[in-house]
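> following is a predicted model, sequence given first.
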Amino acid sequence: MGFKYKYENHRKILIERPDIVAKRIKFLKCYLKYKADYPDVKFIFLDETWIYKHGSQLKTWVHDNMHTKNYKAIKFEGQRFTVLHAGSSEGFINGCSFLLHSTNNDRDYHKTMDSSMFKEWVLNQFIPNVICSPNLSKSSKIVVIMDNASYHSVKLDKPPTKSSNKTVMQEYLTKCNIAFDPKFTKKDLSDLIQPTISPDTPVKYEIDYILKQHGIDVLRLPPYHCQYNAIELAWAHCKRYYNQNIHEYTEDKNRVTHLWLEALNNFDSQMWKNSIRHCDELILADWHKEMGNFPLDNIPPVIISLADSDTDETDDDERVTDDDLAEIEGDGDAMSVEFPLATTSLQGTTSNLLLFLIAVIILTFIVL
């Protein structure tokens, strides 16, 4: 059929980092526990993406014999816009749409957004509109799901580094009630700061603190696991709608804004519910794959399975397949998710133990 195998490098087996596995298990446990403890919990999925003024074309026909990897960038996409929004099972949250024009046409939208801009959006658009939403405010628990982008994760009371300004170091020591001589050099101040830094100290984030003051929890996705974020499916649908219809707005000066809002409205609350159910299925399946049937309140100390796993190398909505979109664009009747969290069955562990005992008995007879 025209396919052939190419040996690209010497790394043929992908091994997932244990720290990412641990973070995934922690996320899965927290997500399922929220659902168990708060039956009416509302998850708000938050993320950024990008669109181009003239639309995007990420796939094109190439000659079968072309082996080069670096194709020239597709021309005429126009100016790039960074998009930020949030949504729940009720749909996109009204008043939270953020569209930022960027002079940098790099596809990595993380280079456009910064922490101050994101914080301003949270304070001025996100929190007021979540509080004013009747469907969200009635819930006993609201949880924001977002990734670990740097501008989402500005640390609260972050200790100064060796390259920090001397004044910043002095202010930190004063806040920690640590005496120092004003004549101390930066190295002297750094030596005083180091004992205050402990790896066991829990990390506190500025955005988490702000949202917690309004009764909103934050649950961060593990690295490279955007498949747990329901808004990724929304992005895929909205961007496809935008790219297919942008050419009809050639004479409109505000065509990007108008069409993008139209694309957002095209992704209704039922599609949001389907997207969230799709993510719920993934989360529940991954929980059982990692932990078997262990209940949430009785997890063994260290069980991290590295078998049959790989590491994602992308964190955007382009990984969403047509099959995923077909699921969420349907009527939603085909998907049903149950959360049997109270089970104490240890089927997976028991079978493994029996196999181990049989192997020991066989080896004993061979030796004797």
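Great, that's in hand. Numbers count the residues shown, from 1 in each chain.
> give me the neighbour count for residue 151.
By other Cβ atoms under 10 Å, 16 other residues sit near residue 151. C-beta: built from backbone N, CA, C; applies to glycine.
> actually, residue 254.
9.
> surely residue 197 is in contact with residue 161?
No. Distance between residue 197 and residue 161: 10.0 Å, which falls outside the contact criterion (Cβ atoms under 8 Å).
> mind listing the helices for this structure?
18-37, 115-121, 127-132, 134-137, 166-175, 186-193, 206-212, 231-245, 255-266, 269-291, 322-328, 347-367 (DSSP state H).
> got the domain ranges for this protein?
With domains defined by automatic domain parsing, the chain comprises 18-57+75-151+204-367, 157-203.
> looking at the ones you listed, which one has the lowest mean pLDDT?
Mean pLDDT is lowest for domain 18-57+75-151+204-367 among the domains of the chain, at a mean of 81.
> given the longest strand anywhere in the chain, what are its sheet partners and their directions?
Across the chain, the strand with the greatest residue count (assigned by DSSP state E) is strand 42-52. If you go by DSSP bridges, strand 42-52 pairs up with strand 80-88 (antiparallel), strand 142-146 (parallel).
> sorry, back to before: tell me which of the helices of the chain lies nearest to residue 55.
For the helices of the chain, the distance to residue 55 is smallest for helix 231-245, at 4.1 Å, taking Cβ to Cβ.
> if we can go back for a sec, buried deepest among the domains of the chain, which one?
When you average the neighbours per residue for each of those (mean count of other Cβ atoms under 10 Å), domain 18-57+75-151+204-367 leads with a mean of 16.
> quick one: contacts for residue 155?
By Cβ atoms under 8 Å, 6 or more residues apart in numbering, the residues touching residue 155 are 203-206.
> out of the residues you listed, who's nearest residue 131?
residue 206 (19.3 Å).
> quick one: that closest one and residue 213, what's the gap?
Distance, residue 206 to residue 213, using Cβ to Cβ, to the nearest Å: 11 Å.
> cool, residue 39 as well?
Counting by Cβ to Cβ, the gap from residue 39 to residue 213 is 25 Å.
> do residue 43 as well
Counting by Cβ to Cβ - residue 43 and residue 213 are separated by 20 Å.
> from what I see, residue 260 and residue 242 are in contact.
Yes. The pair residue 260 / residue 242 is scored as a contact, 6.0 Å apart, by Cβ under 8 Å.
> joint contacts of the two?
residue 51.
> how about stretch 46-56 as PDB, C-alpha atoms only?
Output in PDB follows, covering the C-alpha atoms of stretch 46-56 (Å, rounded to 0.1, in the frame of the first residue of the first chain):
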ATOM      1  CA  LEU A  46      -9.700  25.600  31.100                       C
ATOM      2  CA  ASP A  47      -7.000  25.900  28.300                       C
ATOM      3  CA  GLU A  48      -5.500  28.100  25.600                       C
ATOM      4  CA  THR A  49      -5.100  27.400  21.900                       C
ATOM      5  CA  TRP A  50      -4.500  29.500  18.700                       C
ATOM      6  CA  ILE A  51      -6.200  30.300  15.400                       C
ATOM      7  CA  TYR A  52      -5.000  32.100  12.300                       C
ATOM      8  CA  LYS A  53      -6.600  35.100  10.500                       C
ATOM      9  CA  HIS A  54      -7.000  33.100   7.300                       C
ATOM     10  CA  GLY A  55      -7.400  29.700   8.900                       C
ATOM     11  CA  SER A  56      -5.000  26.800   9.400                       C
END
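> mind starting the numbering at 528 from now?
With the count now opening at 528, the last piece we talked about shows up as stretch 573-583.
> if we can go back for a sec, residue 671: which of the helices of the chain is closest?
The minimum distance between residue 671 and the helices of the chain falls on helix 733-739, with 6.3 Å, by Cβ to Cβ.
> packing partners of that closest one?
Applying 3 or more Cβ pairs under 8 Å, 6 or more residues apart in numbering; DSSP states H and E, we find helix 733-739 packed against helix 642-648, strand 743-747.
> if we go to 6 Å?
Packed against helix 733-739, as judged by 3 or more Cβ pairs under 6 Å, 6 or more residues apart in numbering; DSSP states H and E, are no other helices or strands.
> which residues are contacting that helix?
Residues outside helix 733-739 that contact it (Cβ atoms under 6 Å, 6 or more residues apart in numbering) are 681, 683, 745.
> rerun that using 8 Å as the cut-off
642, 645-646, 649-650, 654, 671, 679-683, 744-745.
> return the member of those nearest to residue 664.
For these, the nearest to residue 664 is residue 654 (11.6 Å; Cβ to Cβ).
> am I right that that closest one is in contact with residue 742?
No. In this structure, residue 654 is not within contact of residue 742 by Cβ under 8 Å, at 10.2 Å.
> touching, residue 556 and residue 814? I think so.
Yes. With contact defined as Cβ under 8 Å, residue 556 reaches residue 814; the gap is 7.5 Å.
> thinking again about what came up before, save the contacts of residue 682 as CSV, and put in distance to residue 798 too.
Formatted as CSV, these follow (distance: Cβ to Cβ, whole Å):
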residue, distance to residue 798
730, 35
731, 36
732, 31
733, 33
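> out of these, which is nearest to residue 542?
Taking the contacts of residue 682 together and measuring to residue 542 by Cβ to Cβ, the closest member is residue 730, at 26.1 Å.
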